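Colleague: Provide a 3D model corresponding to the input given below.
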Amino acid sequence: MTTPRLAPVHGILLAAGRSSRMGRSKPLLTLGGETLIERGVRVLIEGGCAGVIAVVRAGDDAAARLARAAGASVVVNGDPHAQQVDSLRLALRALPDDAAAAAVLPVDVPFVQPPTIAGLLAAFRAATALIVRPTHRGEPGHPTLFARALFAELAARGLPHGARTVVEAHATETLDIEVEDAGVTQDLDTPEDLARYGDVRWTTS
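Modeller: Numbering: from 1, shown residues only. As a prediction, this is how the structure comes out:
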């Protein structure tokens, strides 16, 4: 029988945000010749996740199509006013029963490298922590791994700061892994961020 720490870890790619500060759909930005949603699915799979659930907003058919083509299962968040934690809840409900943990990655954190994710999965399997997350120069980053024991807590209502509320409640059960990968803390929120990271472009996909 598979023990919980050896059971599969699945990836969750959160890509249903309104992208209001960016002004265009962030999942369809391109980096190195692939869209951010394709890249997010790829790095989670190459990092060792057994599967990926991508959550997209209703009407973003291009993002859904690209995510499926990259190998993800797609869940649609139909609430235009939903918060990120609402997308996380939808994804958690879609995970298979054998998932030991979920590695949660926002689509606008595109510079994370697959070996970093592989290291986080290895750390999760070697430890008893309920939460594993990367840090770079002491700053917490993404993705965050949540053990199955926390899924019900993440799915509960009344989380004023979303998943961060759960992380803060389990500070003594959180394992921070310092990594050299600066990508864990680099996100794309505004057009100014695009100017800072010159390889990111709009796409018409």
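
Colleague: can we go C-alpha only for contacts and neighbour counts from here?
Modeller: Noted.

Colleague: all strands of the protein, in order?
Modeller: 9-15, 30-31, 34-35, 52-57, 73-77, 101-106, 131-136, 139-140, 144-147, 174-178, 200-201 (DSSP state E).

Colleague: of those strands, which stretch is the most buried?
Modeller: strand 9-15 (a mean of 29; mean count of other C-alpha atoms under 10 Å).

Colleague: how about the helices of the protein, start to end?
Modeller: With DSSP state H, the ranges of helices along the chain come out as 36-46, 61-70, 84-94, 114-126, 151-155, 163-169, 191-196.

Colleague: could the ones you listed be laid out in a markdown table, adding mean pLDDT and mean neighbour count?
Modeller: Listed next are the helices of the chain as a markdown table, based on pLDDT from 0 to 100; neighbours: other C-alpha atoms under 10 Å:
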| stretch | mean pLDDT | mean neighbour count |
| --- | --- | --- |
| helix 36-46 | 98 | 25 |
| helix 61-70 | 98 | 19 |
| helix 84-94 | 96 | 20 |
| helix 114-126 | 97 | 19 |
| helix 151-155 | 95 | 17 |
| helix 163-169 | 95 | 16 |
| helix 191-196 | 77 | 12 |
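
Colleague: now these in JSON lines, with distance to Val104?
Modeller: Listed next are the helices of the chain as JSON lines, based on distance: least, C-alpha to C-alpha, whole Å:
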{"stretch": "helix 36-46", "distance to Val104": "9"}
{"stretch": "helix 61-70", "distance to Val104": "15"}
{"stretch": "helix 84-94", "distance to Val104": "8"}
{"stretch": "helix 114-126", "distance to Val104": "11"}
{"stretch": "helix 151-155", "distance to Val104": "12"}
{"stretch": "helix 163-169", "distance to Val104": "10"}
{"stretch": "helix 191-196", "distance to Val104": "22"}
